[in-house]
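Student: Here is my input, please return the structure:
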Amino acid sequence: MTTIDNNLQQVMRRIAQACAAAGRDPAEVSLLAVSKTFGADAVAEAVAAGQRAFGENYIQEGVEKVAALRQLSPASLQWHCIGPIQSNKTRLVAEHFDWVHTVDRLKIAERLSTQRPEHLAPLQVCIQVNVDGGDTKSGVPPEEALALAQAVAKLPRLVVRGLMSIPDHAPDFEVQKELHLRAQRLFGQIKARGEPGLADFDTLSMGMTADLEAAIHAGATLVRVGTGIFGGRTYPAG
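Tutor: Predicted coordinates:
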């Protein structure tokens, strides 16, 4: 068994245990393996261990891995863009990814819609919400999330699937849970409205290696785990 295989099994056990503690079915929570800064060989190990959904923060790096892995598993892998998107990178995202978690401006959504190739399935998108109000953080303020979701839902070639949040690091479980509950309450409010165009609003993307248990207790349907699967990262200097 490889280290990545072992780590994946440990993460899946953590998810199952958190679901049991929260009274939830583990089938309700999906695992997104965050492979940023790790090469295609590490992704291939995770694929061999059964993982199929991968998240990339750096768009160009992600596109290169999508191409490298296409020969290994041409149809079975799912690629999620979970990093910030600049206008000059929307075409790469639209042409190579299956999901985008970081839509927080209508302009970006409009470009993704226009640039999504007709031969591909619609791009699945989440609205990124800044639940704790950090000035330097990406994400739409919570009070603006519904209006943005409504506007994005009207665009062709996109399907609004839910919300994504990345709250600031918190020191303990209860604080982590309360931050995640802010996103969960907003998610529930939007879903309950039954808005036209939001019939597929079913995804709450939150929680990472350090706080996935709190996120699951708060209602996450997808957790994004990187270091817990691939190990510590070494970032390029500069």
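Student: C-alpha from now on. contacts and neighbour counts both.
Tutor: OK.
Student: What segments of this protein are helices?
Tutor: With helices called from DSSP state H, the chain shows them at 3-22, 40-48, 59-70, 90-96, 106-115, 145-153, 173-193, 212-217, 227-230.
Student: Give me whichever of the ones you listed is most buried.
Tutor: Per residue and on average, the most neighbours among the helices of the chain fall to helix 212-217, with a mean of 25 (mean count of other CA atoms under 10 Å).
Student: name the helices or strands packed onto that one?
Tutor: Judged by 3 or more CA pairs under 8 Å, 6 or more residues apart in numbering; DSSP states H and E, helix 212-217 is in contact with helix 3-22, helix 173-193, strand 222-225.
Student: what would those look like in a markdown table with mean pLDDT and distance to T90?
Tutor: Formatted as a markdown table, the helices and strands packed on helix 212-217 follow (pLDDT from 0 to 100; distance: least, CA to CA, whole Å):
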| stretch | mean pLDDT | distance to T90 |
| --- | --- | --- |
| helix 3-22 | 98 | 31 |
| helix 173-193 | 96 | 25 |
| strand 222-225 | 98 | 22 |
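Student: List the residues that contact S138.
Tutor: Counting by CA atoms under 8 Å, 6 or more residues apart in numbering, S138 makes contact with P84, D104, Q128, V129, N130.
Student: circling back: so which of the helices of the chain gets nearest S165?
Tutor: helix 173-193 (6.9 Å; CA to CA).
Student: As CSV, could you dump the C-alpha coordinates of the closest one?
Tutor: Extracted in CSV, the C-alpha atoms of helix 173-193 (Å, rounded to 0.1, in the frame of the first residue of the first chain):
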residue,chain,number,x,y,z
PHE,A,173,-13.8,22.5,17.0
GLU,A,174,-16.6,24.7,18.4
VAL,A,175,-15.3,27.9,16.8
GLN,A,176,-14.7,26.0,13.5
LYS,A,177,-18.2,24.6,13.6
GLU,A,178,-19.8,28.0,14.2
LEU,A,179,-17.9,29.5,11.2
HIS,A,180,-19.1,26.7,9.0
LEU,A,181,-22.6,27.0,10.3
ARG,A,182,-22.8,30.5,8.8
ALA,A,183,-22.3,29.1,5.4
GLN,A,184,-24.7,26.2,6.2
ARG,A,185,-27.5,28.6,7.2
LEU,A,186,-27.1,30.7,4.1
PHE,A,187,-27.0,27.5,1.9
GLY,A,188,-30.3,26.4,3.6
GLN,A,189,-32.0,29.7,3.1
ILE,A,190,-31.2,29.8,-0.6
LYS,A,191,-32.1,26.2,-1.2
ALA,A,192,-35.4,26.6,0.6
ARG,A,193,-36.5,29.4,-1.7
